[in-house]
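S.K.: Need a 3D model of the following:
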Amino acid sequence: MKFFLILYLSLSTLLYSQNPNFDQDIIISTNVDTTEVKIGEELNLKIDISSKNKYNISFDEIPNFMPFEIIESFDTDTIQESSTYSKRYSLINFEPGEYWIPPQKIYFNQTIKYSDSLLIVVNDVEVDTLKQNLYDIKPIIPVKRNYQNLLIRIFIAIIVGFIVFLLYRYYLLKKNIKPTVEEKSLFELVNEKLENLNSLDPNSQIEFKEYYTILIDIFREYLESQIKIPAMESTSKELILRINLLRDSGNYNFEKSKISKLESLFSKSDLVKFAKSLPTKSDIKNDLDFISDFIDDTEKIYNEKFNIVEDIEPKNEEYSIIDDLKTFLKYSFLILCSILFISILLFGYYPVRDTILMNPTKILMSKEWFTSQYGSPPVELNSPNILVRSNDTLYDSKFVMGDFKDDFFITIDFKDVIEVENNPSLDLIKNDLINHFQTMGSKNILLKEDQFTIKSGDTGLRLFGSLDIEIKNRLIRSNFTTVILPYDKKTIRLTIVHRADDRYADNIKSRILESFDIVKEL
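M.R.: Below is the predicted model:
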């Protein structure tokens, strides 16, 4: 009994020592390289674990360090001899204040233990407002819609769509089209049968019988179809009687002599059929001609009675590419008008009109702009086109976009400062600008002035107003803006000239002036 008691106590002590919750040899230490950091500064956290007993130690796969963010989680370092584990994290925070790093889960087999929490101070970055310039928050810049490209793409899509439709319809109709067979009239069919009969040359009694049978049947079929009498069912005498009744009623004015001759022909035909008579070649020809004449007379009487006029030009129902082209042009016109109307409702009359007519300044405003540097000291400018160097000898250097008489004109000129001309008066600057415009052919110049500050903070003089430019013996009223920056060794002058009634020029000018700056550091 004593033996079992000792064994039980020994096993209990052993099991107790192997449970992480009761293992006094497990040591968890949490350290950081500093307890104070600046906003956005990296913070290194290290968790060290040591234990005399061997456990399957692991860390949480998705650790929670809020309000800190994890920059990087390093692999666990392990020293097997001393049963030491080390885990490092790189953290960061962008909000000033005091924050606790929360305890982290550490797994010892199936048991969870926690690391210590640490207090970290995140300091704000101090700004020396005496040395560091402060700027206003940039305003929201609305993105302008490029209506021109949109309308052009819609127009191209419509044209391509209609061309595809036209080709498809042409291919489909050409594939399924069948040659048009003009339906012949009863009169034409009867004449064809008579012509075929005329080509026969009967020589025997049987052939003569067959010939006259066909001839009389052709005549009977015509009368039954055209005059609507039962000619095929009637005997020869009954048919002659019906023809006389038509004549007496006044509907068909047949000649009596022809009716008598027709009666004789019927009798001859009956004799031939019963082999009681044998006609000559001339009899056959005369009888065929008589039946043909009688049918012709009947057709004329029928057409006069019902006022039937033959079509001089039969309709051509064959497929025509010209008809499809006309249809295409008609529907294209309707669709383009609809698109134009909808575009005007959505975007306005002037943007649509100027896009279609390719207004020069509308194109300048809508196209991709370029930011370039010019001259010395370098001037930075954002413009629709890159300015080109001019060979004007009056200036140290000069750059222009367009011509002075164009819808929109830009020039930047650099002029050396003569010591005698230091600090020239405002009147002298005005007169110099007026003389410059006059040499370019301008008249009626009105001028105002105020100050202008560029992006770098330098202040200059702005001269603006209106003038008349003579173009093809006409005076075109235009507006101008000139910004003059006087420096010790150089005078920089930016001049913009545009039409006074141009609805897009002011926006282009404002965008250029906002970008105007002196590059002081390269």
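S.K.: So I508: helix, strand or coil?
M.R.: Taken by DSSP: H, G, I helix; E, B strand; the rest coil, the conformation at I508 corresponds to helix.
S.K.: From N359, how far out is the closest residue to it other than its chain neighbours?
M.R.: Sequence neighbours aside, M365 is the residue nearest to I508 in space, at 5.5 Å (criterion: Cβ to Cβ, 6 or more residues apart in numbering). From N, CA and C alone the C-beta is placed, and that goes for glycine too. According to Cβ to Cβ, to the nearest Å, M365 and N359 sit 9 Å apart.
S.K.: got any residues that touch both of the two?
M.R.: Y504 (Cβ atoms under 8 Å, 6 or more residues apart in numbering).
S.K.: what's near enough to touch E470?
M.R.: For E470, the contact set (Cβ under 8 Å, 6+ apart) comprises G441, S442, K443, I476.
S.K.: out of those, who has the most neighbours?
M.R.: S442 (20 neighbours; other Cβ atoms under 10 Å).
S.K.: where's the spatially closest residue to that residue that is not a sequence neighbour, which helix or strand?
M.R.: In space, S442 comes closest to L467 once its chain neighbours are excluded; the distance is 4.4 Å by Cβ to Cβ, 6+ apart. Secondary structure from DSSP states H and E places L467 in strand 459-471.
S.K.: CA-only coordinates of that strand, as CSV, when you get a sec.
M.R.: Output of strand 459-471 as CSV, limited to C-alpha atoms (Å, rounded to 0.1, in the frame of the first residue of the first chain):
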residue,chain,number,x,y,z
THR,A,459,5.7,89.5,-57.3
GLY,A,460,5.6,91.2,-60.6
LEU,A,461,3.5,93.6,-62.6
ARG,A,462,0.4,92.6,-64.7
LEU,A,463,-0.7,94.8,-67.5
PHE,A,464,-4.0,93.8,-69.2
GLY,A,465,-6.6,95.4,-71.5
SER,A,466,-7.9,95.3,-75.0
LEU,A,467,-6.7,96.2,-78.5
ASP,A,468,-7.7,96.0,-82.2
ILE,A,469,-5.7,93.8,-84.5
GLU,A,470,-6.0,94.4,-88.2
ILE,A,471,-6.6,91.2,-90.1
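S.K.: and the gap between the residue nearest in space to the middle of the chain and L278?
M.R.: Centroid-nearest residue in the chain, with Cα atoms, centre = their mean: R153, separated by 4.4 Å. Distance of R153 to L278, computed by Cβ to Cβ: 89 Å.
S.K.: quick one on the thing from earlier: so the residue nearest to S442 sits against Q438, correct?
M.R.: No: under the criterion of Cβ atoms under 8 Å, L467 is not in contact with Q438, lying 9.2 Å apart.
S.K.: picking up where we left off before, for my notes, confirm the residue nearest to I508 occurs in a strand.
M.R.: No: according to three-state DSSP, the state of M365 is helix, so it is not within a strand.
S.K.: pretty sure it is in contact with R503, am I right?
M.R.: No: under the criterion of Cβ under 8 Å, M365 makes no contact with R503, lying 10.0 Å away.
S.K.: which one of those two has more residues nearby?
M.R.: Taking other Cβ under 10 Å, M365 and R503 do not tie; M365 has more neighbours (21 against 14).
S.K.: who's in contact with that one?
M.R.: By Cβ under 8 Å, 6+ apart, the contact set of M365 is K144, P384, Y504, N507, I508.
S.K.: Find the least confident helix or strand in the chain, judged by mean pLDDT.
M.R.: For the chain, the helix or strand with the lowest mean confidence is helix 2-17, at a mean of 55 (criterion: mean pLDDT, DSSP states H and E).
S.K.: circling back to that earlier point, what about L467 and Q438, which has more around it?
M.R.: A side-by-side neighbour count of L467 and Q438, using other Cβ under 10 Å, places L467 first with 23 against 12.
S.K.: Show me what the more buried one is bridged to.
M.R.: S478 (DSSP bridges).
S.K.: Where do the helices of the stretch 301-450 of the chain begin and end?
M.R.: Applying DSSP state H, counting those that start in this stretch to the stretch 301-450 of the chain gives helices spanning 321-347, 349-356, 360-366, 426-439.
S.K.: mind giving me TSV with those helices and columns for distance to F74 and mean pLDDT?
M.R.: TSV is the format used below for the helices of the stretch 301-450 of the chain (distance: least, Cβ to Cβ, whole Å; pLDDT from 0 to 100):
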stretch	distance to F74	mean pLDDT
helix 321-347	58	74
helix 349-356	59	73
helix 360-366	53	83
helix 426-439	67	84
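S.K.: which of these sits most buried?
M.R.: Among these, helix 360-366 has the highest mean neighbour count (mean count of other Cβ atoms under 10 Å), at a mean of 19.
S.K.: to the chain's geometric centre, what's the distance from it?
M.R.: 20 Å (Cα atoms, centre = their mean, to the nearest Å).
S.K.: Same check on stretch 260-273?
M.R.: Worked out by Cα atoms, centre = their mean, stretch 260-273 lies 83 Å from the chain centre.
S.K.: So which bits of that stretch are buried?
M.R.: Across stretch 260-273, burial judged by 16 or more other Cβ atoms under 10 Å covers K261, L262, E263, L265, F266, K268, S269, V272.
S.K.: Return the subset of these lying in helices.
M.R.: Among the buried residues of stretch 260-273, DSSP state H puts K261, L262, E263, L265, F266, K268, S269, V272 in helices.
S.K.: Of the residues you listed, just say which sits nearest to Y211.
M.R.: V272 (8.2 Å; Cβ to Cβ).
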